[in-house]
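Novice: predicted coordinates and the sequence they were generated for:
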Amino acid sequence: MFLVTGAAGYIGSNLALKLLESGEDIVIFDNLSTGHQKIVDKLKTLNLKGKVVDFIKGDLRNLNDIEAVFSKYKIEAVFHFAAFSIVSESAKNPHKYWENNFTGTKNLLDAMKKFGTDKIIFSSTAATYGEPLYTPIDEQHPQKPINSYGNTKLALEFLMDDYSKAYNIKSVRLRYFNVIGADKFQRTGEWHDIETHLVPNILKSINDKNKVFEIYGNTYNTKDGTCVRDYIVIDDLINAHIKALKYLQNGGKTDYFNLGTKEGNTVLEILKTAENITGQKINYTIKEKREGDPAILIADNKKAKEILNWQPEKTLEEGILTAYKWEIANFKKGL
Ligand code: UDP
């Protein structure tokens with residue numbers, strides 16, 4: 001039995017789907033602060049090989065909530081996605097991020113320690129590197145976050161190292177670059193009430209003709225002046241989590257890996273690709289640069305390839321197409 005925290009959200013629900021499809025039973029823990037009951041309901045009603053044994057609406061900030069899960073179920077490993085992740089919000093309200101992301105995760109680790117669960121796969125982030133000193137960014141690149149979101153995630157990486165050494169709780173920390181795409185059958189996808197991400201914002205401006213897509217700056221030192229990011233498709237990202245689990249099950253040591261494609265695309269290139277895939281013209285306007293956006297972020301993914309035996313297989317086009325289908329399905333239902 002696996003515990004998936006944050007399975008009512010974008011990445012957690014895609015991972016939950018994958019586990020259910022491969023016949024694993026899961027327990028979901030989520031406080032629904034940014035995730036959605038409808039996604040949990042969907043996961044519960046799908047007729048897949050594995051089952052959602054329980055959905056616990058709980059909060060990691062309450063140690064009792066999470067201890068109750070471990071006292072009720074024997075959990076082999078935890079996939080931990082529950083976190084706040086809006087960079088700009090973290091700069092304005094660090095308390096919220098330290099309390100939820102840091103204290104919440106510390107409670108989770110303490111509950112694991114108390115009840116003898118010794119494996120965790122954790123969503124870390126490229127934001128732990130801060131302003132890149134070189135590109136592509138490998139795992140040895142200095143970690144100097146430039147916002148509270150990155151700070152909380154980096155602090156958790158340290159915490160996990162300490163808990164690994166002292167209490168033998170093994171962790172794999174996956175440092176995500178830019179995740180795009182949705183489930184190919186539109187069972188789940190990216191759904192944030194406040195949407196800050198590039199691909200959903202582009203697609204929303206197609207579906208809603210009153211929305212004009214805003215590009216944050218076109219004077220960066222890149223080929224067309226807009227920011228370059230490494231866009232990894234959700235299926236590939238999820239596969240890396242499954243490989244990380246296998247790695248720990250086979251006795252792998254605590255470690256951390258970049259998850260990206262080693263390819264970079266500018267905002268304008270993503271926009272053009274979305275136009276080609278959807279056959280729609282996208283209205284856009286150039287706005288001010290967004291604070292804290294580095295010009296270029298590209299992952300060196302050699303370590304994950306070598307140690308996890310993983311590699312990205314999906315194309316950018318596949319990612320944008322599934323995101324588009326999900327956006328249409330959701331938009332029509334008025335979700
Ligand atoms: N971006 C943009 N308009 C938007 C959202 C994002 O121009 O509405 C740009 C943003 O400045 C960055 C890239 O798209 O260069 C990816 O941003 P996103 O928020 O998706 O991910 P991040 O890189 O911040 O994790």
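Specialist: Here it is on my side, so go on. Numbering: from 1, shown residues only.
Novice: any weak-confidence spans in this structure?
Specialist: 331-335 (pLDDT under 70).
Novice: give me the neighbour count for the residue in the chain that the ligand sits nearest to.
Specialist: Closest to the ligand within the chain is C227: 3.0 Å, counting by CB to the nearest ligand atom. C-beta here means a position set from N, CA and C on the backbone, and glycine is covered the same way. By other CB atoms under 10 Å, 24 other residues sit near C227.
Novice: distance of the spatially most central residue of the chain from F115?
Specialist: The chain has I11 as the residue nearest its centroid, 4.9 Å off, counting by CA atoms, centre = their mean. Shown here: I11 relative to F115, a distance of 25 Å by CB to CB, to the nearest Å.
Novice: G58 touches L32, doesn't it?
Specialist: No: the pair G58 / L32 is not scored as a contact, 9.9 Å apart, by CB atoms under 8 Å.
Novice: these two: which is more packed in?
Specialist: The residue with more neighbours, out of G58 and L32, is G58; 20 against 15, by other CB under 10 Å.
Novice: pull the contacting residues for the residue of the chain closest to the ligand.
Specialist: 216-217, 220, 266-267, 293-296 (CB atoms under 8 Å, 6 or more residues apart in numbering).
Novice: state the distance from it to G217.
Specialist: 7 Å.
Novice: between those two, which contacts overlap?
Specialist: Common neighbours of C227 and G217 (CB under 8 Å, 6+ apart) are D293.
Novice: most surrounded residue in the contacts of C227?
Specialist: V267 (23 neighbours).
Novice: contact partners for that residue?
Specialist: V267 neighbours (CB under 8 Å, 6+ apart): 198, 215-216, 226-227.
Novice: same question for L20.
Specialist: 26, 43, 46, 48-52.
Novice: please identify the helix or strand for it.
Specialist: Following DSSP states H and E, one finds L20 within helix 10-21.
Novice: what's downstream of that helix, the next helix or strand?
Specialist: strand 26-30.
Novice: quick one: strands adjacent to that next one?
Specialist: strand 2-5 (parallel), strand 52-57 (parallel) (DSSP bridges).
Novice: the longest helix seen in the chain packs against which elements?
Specialist: In the chain, with assignment by DSSP state H, the single longest helix is helix 148-167. When contacts are defined as 3 or more CB pairs under 8 Å, 6 or more residues apart in numbering; DSSP states H and E, helix 148-167 sits against helix 87-92, helix 94-97, helix 104-115, strand 119-125, strand 170-176.
Novice: who touches that helix?
Specialist: Outside helix 148-167, the residues touching it (CB under 8 Å, 6+ apart) are 83-87, 90-91, 94, 97-98, 101-102, 105-106, 109, 113, 120, 122, 124-125, 127-130, 143, 145, 169-171, 173, 253-254, 256.
Novice: N101 against I86, yeah?
Specialist: No: N101 is beyond contact range of I86, at 11.4 Å (criterion: CB under 8 Å).
Novice: which one's more surrounded, these two?
Specialist: Higher neighbour count among N101 and I86: N101, with 23 against 19, using other CB under 10 Å.
Novice: residue contacts, that one?
Specialist: Contacts of N101 (CB under 8 Å, 6+ apart): 83-84, 149, 152-153, 156.
Novice: rerun at 7 Å
Specialist: 83-84, 152-153 (CB atoms under 7 Å, 6 or more residues apart in numbering).
Novice: helices or strands next to the helix or strand N64 falls within in the packing?
Specialist: Assessed by DSSP H and E, N64 sits inside helix 63-72. Applying 3 or more CB pairs under 7 Å, 6 or more residues apart in numbering; DSSP states H and E, we find helix 63-72 packed against strand 26-30, helix 104-115.
Novice: pick the most deeply packed of the ones you listed.
Specialist: strand 26-30 (a mean of 25; mean count of other CB atoms under 10 Å).
Novice: check which helices and strands the following helix or strand past that one is in contact with.
Specialist: Helices and strands here follow DSSP H and E; after strand 26-30, the next one along the chain is helix 37-45. Packing partners of helix 37-45 (3+ CB pairs under 7 Å, 6+ apart): helix 10-21, strand 52-57.
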